[in-house]
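Asks: just a sequence and a predicted model for now, questions to come.
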Amino acid sequence: MDVLQRISELSRPTGEEDVLRVRYPEPRLQVATKHAVGLAAVVIVGVLLWAAVQALVSGSGADDEAPLWEAVATETEVPERVVVAVVGEVSHPGLVTLDQGARVADALERAQPLPHADVLALNLAQVLVDGQQLVVPALGAAPVPASGGDGAAGSGGVSLNSASVSELVALPGVGEATATAIVRHRETQGPFRSVEDLMQVKGIGPSKFAALRDLVVL
Amino acid sequence: MQELRLVPTALLVWAAVLSCLLVSPLVALGLVGGITAGCLVMRQWGQAILLGVFGTAAVAVSWVRMWLAAQWAQQATMPVVGVVTGSVKETATGALLLRVRCEGLPTPLPVFFTNAQAAADSLASGTTVSVRGVITQRTGAAAPPGVHGLSVQGSVEVLAPAGGFAGWSNGVKEQFRAAVNSAAGSHSQGLIPGMVLGDTSQQSAAEQQRYIDTGLSHLSAVSGANVAIVTTFAVVVATLCGLGLYARIGAAAAALLLFAVLVGPEPSVLRAAATGLVGLIAVVASSQVQPIHALSLVVIGLLLYDTDLAVHYGFALSVAATAGIVALSPLLYRALAGLRLPEIIVRALAVALAADLVTMPIIALMAGRVSVVSVAANLLVAPVAGAITVLGLAAVTAMLLPGGAEAVLIWCISPLTWWVHTVATIGSSLPAATVVATPLAVVVGYGWCLYGLLVGRTKLVAFCLTCGYVGLTVLALVRAPAQHATPFQGLPAEAVRSHVVATKDDIEPIPAGAEAIIVLERGSALPRPVETPDGIPVFFPNRN
């Protein structure tokens, strides 16, 4: 069989014919100009295409790099119409309905302040907030305490159930440790059901509670 | 060795890319211009056009890649997200090294980390990871050679496991490891996955060092030899079945595809496929395409495709071994024919000697140590290497098909890998298995051997080599006790993880896990012992 013969050829010891001089063929080093030009054209086109692709890819990559800003604050929904209450020295006291963006002057125009009303006590340019009450005083009357322009509960005391540690520290007699204890009590036992429950917090006794009672709300 | 028309172009492209990466693109352009002018002076118009255009194209491509890497480095922010290529390696200082392919960076980014949480199995090739740490860019002489001198030191977090093809390929490797562990003995458990799929994860560091010491580490790497053996086997089987030319080509292509699919998207698969095809052409089609011509084409193509290959030792070793075998083995065969051994042994010896001759200077350059026993070890292992590759690939295919045929095939491979393991163990335990050598010393030594062989003094050369080996053994045995003395005061006798640098300025950044820092600069002795703010001792052995 061919294979067996080949194997036996390989396993015989090397003989005289294997010691013949090895003659390498004449090397071919010259390249025909036509072939070289053709190959060169292919390479130039290939490299230019590759460079163009790289430029495109890196260019589009740079556009993607614009940072994505996360919206931390969401816009609050404002109603289209605002309803304000105008009371005091006006000829038509009561509720006035206006469009969003209307100002105090527009509300007073509807309510018709009386001749002896002290209109200067109000900021006529203030933008109205839904649910606001405008009190128009008479000339010479005591100044009205500033109407809550925001409509949100600002004054009235520190809220026990929603204040943070830094807000609680502002109370007299309450330091870091006590404020942290109040927050921890709130988290473990649930919200305070009455102001008196504040005495259950470690660090607040009857005397300290008496000092804080008027300054806190639920 | 007749078709040498593309050899100057291949050499110039490699030299141009090397000088572009190591020196500067302008120097590379100058080199290309000088050589083209030389060709014009010698009136070689065709060669001048080829050299000029290919050289300029290679420099342009490398320059663009370096520019892209610099752009990426400027606007890189932490964390860096990328895909892992290759496998996790442990460095000499104990830190782990990972290569991550990032969007916009042309070549992978090395990442050093000591994350104990991220187990090595979860960082398989193809995993998407997020890297957090410090990017350092080294430029100039201290830069690691490559398109960019960037590296990251920090921590790695897995974002998504390997998916698609990479994930499937990792699954195949895991399955094969399990099959080998159940069917083969402990001596083969590291070798079989390595020699078949290039998976060296079951080889301990000591075992890997044994293979390196006996010159057998190329068996466990995905190299052109695997591809050449597999495709040649397919063609031979097709020829025995009496199939025509196109069917044989189809069989070779199918075998190559199967191998590439099973090994997976490794970075070295493209290089292995290209050089393996050169080997296939050399065996079955050397009258149509000359191997040297195919090798030149492969070198040019691969260097234009991946610029970092120009400074990759594995690529240099593959190309040098192929070129050496093609060019030198006829000469060596004739020189060794005087030994009156069976022809097949003389052929194998000629090939092993030719490959060793050309690769030893590169290994001396890479590691500073060369293996003296590598020719003998490779010769002893040559008969089984091909069988292991082919049977192993068949076992992997059988594992993917239903039925338990892979256990039988692995059981057949076991004794062969036992032989390889034994050769490596005995070879590395010899006193003078490796010797410290510089590339110049290797070239001179081997040059004299080659000269002796070519003038016909084969027996004299063999005698001189034996005497030389005996002398080295005696020297190694005599010097062995002295080598255990500690070179530095205050350090334990066993090996210490050290970070070796040339000057004090190169100390930062300190790799994680370093237990000592060794600075090689010269100067006057320091009055007090030195240590870093973290308490790592710094030694100046050349200051005294």
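Replies: That came through fine.
Asks: for B:Ala516, phi and psi?
Replies: Per-residue torsions, B:Ala516: phi -150, psi 150 (degrees, to the nearest 10).
Asks: show me what contacts the nearest residue to it once chain neighbours are set aside?
Replies: Closest residue to B:Ala516 apart from its sequence neighbours, by CB to CB, 6 or more residues apart in numbering or on different chains: B:Ser498 at 4.4 Å. In this view, the C-beta of every residue, glycine as well, is placed from N, C-alpha and C. Listed by CB atoms under 8 Å, 6 or more residues apart in numbering or on different chains, the contact set of B:Ser498 reads B:92-93, B:514-518.
Asks: burial of the residue of chain B at minimum distance from chain A, as a residue count?
Replies: Of all residues in chain B, the one sitting closest to chain A is B:Gly46 (3.2 Å; CB to the nearest CB). If you count neighbours by other CB atoms under 10 Å in any protein chain shown, B:Gly46 ends up with 20.
Asks: so it touches A:Ala36, yeah?
Replies: Yes - the pair B:Gly46 and A:Ala36 passes the contact test of CB atoms under 8 Å, sitting 4.0 Å apart.
Asks: near chain A, which residues of the stretch 1-150 of chain B?
Replies: Applying CB under 8 Å from any CB of the partner chain, we find that the stretch 1-150 of chain B lies next to chain A at B:1-5, B:7-8, B:44-47, B:49-50, B:52-54, B:57, B:60-61, B:64, B:68, B:71, B:75, B:103-104.
Asks: how does it look with 6 Å?
Replies: Taking CB under 6 Å from any CB of the partner chain as the contact definition, the stretch 1-150 of chain B meets chain A at B:1-5, B:45-47, B:49-50, B:53, B:57, B:64, B:104.
Asks: which of those residues are buried?
Replies: B:1, B:3, B:5, B:45-47, B:49-50, B:53, B:57, B:64, B:104 (16 or more other CB atoms under 10 Å in any protein chain shown).
Asks: how about the strands in the chain?
Replies: In the absence of a named chain, this looks at chain A. Applying DSSP state E to chain A gives strands spanning A:81-88, A:94-99, A:133-136, A:158-159, A:216-217.
Asks: um, chain B though
Replies: Secondary structure of chain B (DSSP E): strands at B:80-90, B:96-102, B:109-113, B:128-137, B:150-160, B:369-371, B:434-436, B:498-501, B:516-519, B:530-531, B:537-539.
Asks: how close does the residue lying closest to A:Val78 once chain neighbours are set aside sit to A:Val86?
Replies: Leaving out its chain neighbours, the residue that sits closest to A:Val78 by CB to CB, 6+ apart is A:Gln100, at 5.8 Å. Look at A:Gln100 and A:Val86: by CB to CB, to the nearest Å, they are 17 Å apart.
Asks: any low-confidence regions in the chain?
Replies: Unless you meant another one, I'm taking chain A. Scanning chain A for pLDDT under 70 picks out the ranges A:1, A:15-19, A:61-74, A:142-156.
Asks: that's the other chain; I wanted chain B
Replies: Using pLDDT under 70, chain B drops low at B:92, B:115-121, B:140-143, B:480-496, B:544.
Asks: near chain A, which residues of it show up?
Replies: Chain B comes close to chain A at residues B:1-5, B:45-47, B:49-50, B:53, B:57, B:64, B:104, B:330-331, B:334, B:337, B:340, B:342-344, B:346, as judged by CB under 6 Å from any CB.
Asks: B:Val346 contacts A:Ser11, doesn't it?
Replies: No - using CB atoms under 6 Å as the test, B:Val346 is too far from A:Ser11 to be in contact (11.0 Å).
Asks: so for these two, which residue has more residues nearby?
Replies: Comparing B:Val346 with A:Ser11 by other CB under 10 Å, the one with more neighbours is B:Val346, at 23 against 11.
Asks: what is the neighbour count of the residue nearest to A:Val78?
Replies: Neighbours around A:Gln100, by other CB under 10 Å: 13.
Asks: measure it to chain B for me?
Replies: 43 Å (CB to the nearest CB, to the nearest Å).
Asks: ok, back up a step: could the contacts of B:Ser498 be laid out in CSV, adding neighbour count?
Replies: Shown next, in CSV, are the contacts of B:Ser498 (neighbours: other CB atoms under 10 Å in any protein chain shown):
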residue, neighbour count
B:Ala92, 14
B:Thr93, 20
B:Ala514, 22
B:Glu515, 15
B:Ala516, 18
B:Ile517, 23
B:Ile518, 19
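Asks: burial count for the closest residue to chain B within chain A?
Replies: Per CB to the nearest CB, A:Val31 is where chain A lies closest to chain B, at 3.2 Å. Neighbour count for A:Val31, taken as other CB under 10 Å: 22.
Asks: surely it and B:Leu6 touch.
Replies: No - counting by CB under 6 Å, A:Val31 sits too far from B:Leu6 to count as a contact (8.5 Å).
Asks: one step back: mind listing which of the buried ones among the residues of the stretch 1-150 of chain B next to chain A are in helices?
Replies: B:45-47, B:49-50, B:53, B:57, B:64 (DSSP state H).
Asks: pull the distance from the longest helix seen in chain A to the chain's centre.
Replies: In chain A, taking DSSP H as the definition, the longest helix is helix A:33-63. Averaging C-alpha positions (CA atoms, centre = their mean, to the nearest Å) puts helix A:33-63 45 Å from its chain's average.
Asks: and for stretch A:4-21?
Replies: The answer for stretch A:4-21 is 84 Å, by CA atoms, centre = their mean.
Asks: same deal with stretch B:147-163?
Replies: Distance of stretch B:147-163 from its chain centroid, counting by CA atoms, centre = their mean, is 22 Å.
Asks: re earlier: including mean neighbour count, could the strands of chain A go into JSON lines?
Replies: Formatted as JSON lines, the strands of chain A follow (neighbours: other CB under 10 Å):
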{"stretch": "strand A:81-88", "mean neighbour count": "17"}
{"stretch": "strand A:94-99", "mean neighbour count": "13"}
{"stretch": "strand A:133-136", "mean neighbour count": "18"}
{"stretch": "strand A:158-159", "mean neighbour count": "15"}
{"stretch": "strand A:216-217", "mean neighbour count": "18"}
